[in-house]
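**Student:** curious how this folds, go ahead:
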Amino acid sequence: MTSARKLVHSVSIPIRWGDMDAQGHVNNIVYFQYMEQARVEWLESLRERVGDVGGLGSVIVNASCTFLFPLLYPGVIDVRMFVDTPGRSSLDTHYELWMSDRKYAEGSARIVWIDVHTQRSAPLPDRLRAIWA
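**Tutor:** Residues are numbered from 1 along each chain as shown. Prediction:
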């Protein structure tokens, strides 16, 4: 099946001195934090658009990152977030980390909606699904 990847959010994040590791480049885990920042902002914007979806929450069931080039301080990272067409209870998200005109990393994460009481997957709420219709 071909995905219908759609750009849904972007954010510029300054690299902090503390983001670097002993090798002098941004630590690998920080790339995931940059992607997380974009995802959290986007999820908050959804909540503002569609309201509370009582009793449901979301979890990340997997995440990956391909490191293309090392990020170095100082700089500002542009994180671009894309989504695929949603499944029954999940949504695949994709990320590109850019600085200037170069892509430094690309990653993905699968978001699964859950019933917060049972901690089991739950269908994506119709109010959210309507966003992709």
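**Student:** element containing the residue nearest to the spatial centre of the chain, please.
**Tutor:** The residue lying closest to the centre of the chain (Cα atoms, centre = their mean) is residue 39, at 3.6 Å. Secondary structure assigned from DSSP states H and E places residue 39 in helix 28-50.
**Student:** can you check residue 9 too?
**Tutor:** Assigned by DSSP H and E, residue 9 falls in strand 6-14.
**Student:** show me what that strand is packed against.
**Tutor:** Applying 3 or more Cβ pairs under 8 Å, 6 or more residues apart in numbering; DSSP states H and E, we find strand 6-14 packed against helix 28-50, strand 76-83. In this view, the C-beta of every residue, glycine as well, is placed from N, C-alpha and C.
**Student:** output the lowest mean pLDDT helix or strand found in the chain.
**Tutor:** Counting by mean pLDDT, DSSP states H and E, the weakest-scoring helix or strand in the chain turns out to be helix 126-132, with a mean of 80.
**Student:** what packs against it?
**Tutor:** Counting by 3+ Cβ pairs under 8 Å, 6+ apart, helix 126-132 packs on helix 28-50.
**Student:** how far out from the middle of the chain is the helix it packs on?
**Tutor:** Its chain's C-alpha centre and that of helix 28-50 lie 5 Å apart, by Cα atoms, centre = their mean, to the nearest Å.
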